[in-house]
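Visitor: Provide a 3D model corresponding to the input given below.
(one chain, ligands or ions: 1)
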Amino acid sequence: MALSRLTLTEFRNHVHLTLTPQAPFIALYGANGAGKTNILEAVSLLVPGRGLRRAALSEMAYSAGSGGFSISAELDGTVIGTGIDAAQPERRKVRINSANATINNLAEWISAIWLTPAMDRLFVDGAGARRRFLDRLVLALEPNHARNSSRYEKAVQQRNRILTSPDGADPLWLDAIEAQMAESGAAIIEARARMLQSLAVQLDHAPTDPFPVPAIILAMDGPVSADDLKAHWRTTRRKDAGAGRTLTGPHRADLVVHNRANGQAADRCSTGEQKALMLSLILAHAALVSAQRGAPPILLLDEVAAHLDPDRRAALFARLGETGAQVWMTGTEAALFDAIGPAAHLVAVPGVG
Ligand SMILES: Nc1ncnc2c1ncn2[C@@H]1O[C@H](COP(=O)(O)OP(=O)(O)OP(=O)(O)O)[C@@H](O)[C@H]1O
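Guide: Next up is the predicted model:
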């Protein structure tokens, strides 16, 4: 899976930019603030979700522009695009081959995984970001995961509203909502478990040097089957109403990660070791997606090269090359990407690709 064209119009600081990648590695280099991460963010918005910064749509439109923006890309003969119109800045539009589509439809065409400096504390900070990361890994394998996640989240919000309604909760209405939650929730749990199981097998064969191999466990309270979930939520209505929200379910799951070699918990590892664990995980996941879907996800690696010594950097490029993935990377100097050789398409930002 690879973009053969990316066009940005009035997206952040890019008034109009077209890139036509000519090699598997797209190395975006330029000064701080040039707009390199903005390009990765644009690609990340081509998959379901809020993109790598989770920013508001209105923030993304070029500040001195019309108030709208568009991102369009071509991959394997398909044209996909997203953006907002100035007249309706709160409504994200999606088009696939000129037809209107939904954000969740995008998952059938494209998958992307990213690593950004904001994820340096992924293992240390709250579970929400880890869950979103987990779901991106699942989505890259199973496009249907986006639809199940949206349905589940909407149903949980509805249940929370009913439980906290000043008129009192209607039990029949709750039965119906909990049945919806149970169906999509069980599908989410199963998809996560499938992905982690396959990833563990992939990691069994991963080289342990120079990036340590992670062991990953999904931590979750409560039952896992649809019937048991439904029965469980019926018993927790009073407690959840008191808390003002649904306290158990797949929306509360967490990822627990260790270094396989020494059992060290990821949140106790140094920042560099945590990043190395993440790289190892992403490499194994790309190989897994490639084996199961026939093509690896697009990888967006923001400021990764600069934080590695030259040997590790060269090892990373070699391992990334083996995955066959299209890799978008950023750095302040073109020299950071020297070890990639002819597989790199160097792009000066701002400048001409
Ligand atoms: N909506 C917007 N309109 C215009 N410019 C914007 C908008 N949003 C962000 N910018 C500008 O984009 C620039 C930041 O871009 P980006 O984060 O992509 O930089 P970068 O090249 O990755 O920098 P660094 O190397 O420091 O990470 C800033 O100059 C910021 O002012």
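Visitor: please, which helix or strand holds P89?
Guide: Secondary structure assigned from DSSP states H and E places P89 in strand 88-96.
Visitor: can that strand be found next to the ligand?
Guide: No - when contact is scored as CB under 6 Å from any ligand atom, no part of strand 88-96 falls within range of the ligand; the minimum is 11.8 Å. Quick note: C-beta positions are derived from backbone N, CA and C, even for glycine.
Visitor: ditto for stretch 111-123
Guide: No - taking CB under 6 Å from any ligand atom as the criterion, stretch 111-123 and the ligand are apart, separated by no less than 7.8 Å.
Visitor: kindly report the same for stretch 48-55.
Guide: No - using CB under 6 Å from any ligand atom, stretch 48-55 stays clear of the ligand, with a minimum separation of 8.4 Å.
Visitor: let me know the average pLDDT across that stretch.
Guide: Model confidence over stretch 48-55, given as mean pLDDT, is 95.
Visitor: end-to-end on that stretch?
Guide: Its start and end residues considered, stretch 48-55 measures 14 Å (CA to CA, to the nearest Å).
Visitor: quick one: residues in contact with it.
Guide: Residues from elsewhere that reach stretch 48-55 (CB atoms under 8 Å, 6 or more residues apart in numbering): 37, 40-41, 44-45, 103-104, 106-107, 114, 116, 118, 132, 136, 139, 146, 300, 302.
Visitor: how far off centre is it?
Guide: Relative to its chain's centre, stretch 48-55 lies at 8 Å (CA atoms, centre = their mean, to the nearest Å).
Visitor: kindly report the same for stretch 203-219.
Guide: In terms of CA atoms, centre = their mean, the centre of stretch 203-219 is found 19 Å from the chain centre.
Visitor: likewise stretch 67-80?
Guide: The offset between the C-alpha centroid of stretch 67-80 and the centroid of the whole chain comes to 18 Å, using CA atoms, centre = their mean.
Visitor: mind telling me what element L40 is part of?
Guide: Taking DSSP H and E as the criterion, L40 maps to helix 36-44.
Visitor: try R245
Guide: When elements are defined using DSSP H and E, R245 is found to belong to no helix and no strand.
Visitor: can you pull the contacts of the nearest residue to it once chain neighbours are set aside?
Guide: The spatial neighbour of R245 that comes closest, neighbours along the chain excluded (CB to CB, 6 or more residues apart in numbering), is N160 at 5.0 Å. Listed by CB under 8 Å, 6+ apart, the contact set of N160 reads D240, G244, R245, T246.
Visitor: pull the number of nearby residues for the last one.
Guide: Using other CB atoms under 10 Å, T246 has 22 neighbouring residues.
Visitor: what residues are up against it?
Guide: Under the criterion of CB under 8 Å, 6+ apart, the contact partners of T246 comprise V156, R159, N160, L163, M181, W233, T236, D240.
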